[in-house]
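# no FASTA, just this:
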């Protein structure tokens with residue numbers, strides 16, 4: 001999405017009002033998006049894509065992994081990769097599994 005942020009409310013050149021811009025970024029949801037990305041939820045891969053990218057960590061490349069087994073394969077890949085599942089939201093190493101994607 002393209003969002004136009006105005007630097008000031010008076011349409012003056014070379015005038016940048018921090019609070020005015022901050023308010024626009026907050027109202028348009030940009031600040032919330034930045035917060036979510038900082039928490040480590042920037043990547044949301046579907047199970048099959050995650051397995052395709054990181055299969056080498058836990059399986060031979062020649063092993064075929066079906067879409068039905070992709071969720072279990074994701075868990076195994078994450079475990080072999082040393083990425084611990086942490087219940088705390090504050091940890092940057094935590095991950096979650098959705099219905100179809102790895103967070």
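Structure received. In this text the structure is predicted, and so the values were computed from the model without any measurement.
# immediately after the helix or strand of the chain with the lowest mean pLDDT, which helix or strand?
Within the chain, no helix or strand scores below helix 30-38, which has a mean of 81 by mean pLDDT, DSSP states H and E. Next helix or strand after helix 30-38 toward the C-terminus (DSSP states H and E): strand 45-46.
# hmm, back to that, show me what the least confident helix or strand of the chain is packed against.
Contacts defined by 3 or more Cβ pairs under 8 Å, 6 or more residues apart in numbering; DSSP states H and E place helix 30-38 against helix 18-27. For the C-beta atoms, the positions are set from N, CA and C on the backbone; glycine is no exception.
# distance from the helix it packs on to the middle of the chain?
24 Å (Cα atoms, centre = their mean, to the nearest Å).
# for it, what is the average pLDDT?
Helix 18-27 shows a mean pLDDT of 93.
# how about it: buried residues?
If you call a residue buried by 16 or more other Cβ atoms under 10 Å, then helix 18-27 has these buried ones: 20, 24-25.
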